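Engineer: Attaching a predicted model along with its sequence, questions to come.
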Amino acid sequence: MTYAYPCQINRHEGDEFVVSFPDVEGANTSGSDRAEALKMAADALSAALGMYVELHLAIPVPSAVLDGQEAVAVDPVTAAKLELYTAMRDQGVTKRALAERLGLSDTTVGRLTDPDHRSHIGLVSKALRAVGRGLVIEGRASPGFRPRTVPSPVLGPGM
C-alpha cells in the first residue's frame, strides 16, 4: 500500500490554514501559511497512524486525491513500519513469532512496528521479507515545494 493520504487545507479565520485528512481520524493540524500547514500535516499524519498501531486498529487505505486536495506521505521508514504492522495483523503473526523467524527479541520486533521508535530501514525491510512483503520507495515532488533559483555565474571573455 502507498502511505500517502489526501488532505484538505482550508483557510480559517485570520491567517491560519487548517489541515484535515478525510481517511485518517485524528490527523488534524494547522499552520500560519500553506507551506507550514503542509509540513505540520506530515507530522500529524504520522502521529495519527501511530495511534492506529497503538490501538491495534487497521491502517486506513488512502482514497484518491480529489480536486482541491493535496497528497501527504509519511516518511519511508514509517511507511515500512506501517506495512510490517499491517502484514503481521493481516496474517495473525505475533511479535514473538516474527522474533523467532528473525532471531531477535520480542522487544526489538515491537520497536520495528512502532512508528515513534527509530529503526534502521534495513532491519525493517528484513522483517517485511519475513512476512512475505517487500518495500518500494518512490520519489515525488513535495507538496508546496518551491525551488530556490540560484543565479548562474557570469563567465568572462574567453572562459
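Structural biologist: Perfect, I can see it now.
Engineer: So what are the sheet partners of whichever strand in the chain runs longest and their directions?
Structural biologist: Among the elements of type strand in the chain, defined by DSSP state E, the one spanning the most residues is strand 4-11. Using DSSP bridges, the strands paired with strand 4-11 are strand 17-20 (antiparallel), strand 69-73 (antiparallel).
Engineer: if we compare those strands, which one ends up closest to Gly132?
Structural biologist: For the strands paired with strand 4-11, distance to Gly132 was read as C-beta to C-beta. The smallest value, 23.4 Å, belongs to strand 69-73. For every residue, glycine as well, the C-beta is placed using N, CA and C.
Engineer: Next secondary structure after that closest one?
Structural biologist: Proceeding N to C from strand 69-73, the next assigned helix or strand is helix 76-91, under DSSP states H and E.
Engineer: Would you mind giving the domain segments of this protein?
Structural biologist: When the chain is parsed with automatic domain parsing, its domains come out as 4-73, 76-130.
Engineer: if you average pLDDT over the first one, what comes out?
Structural biologist: Confidence over domain 4-73, taken as the mean pLDDT, stands at 94.
Engineer: With stretch 112-120 instead?
Structural biologist: Here the mean pLDDT over stretch 112-120 is 93, rounded to a whole number.
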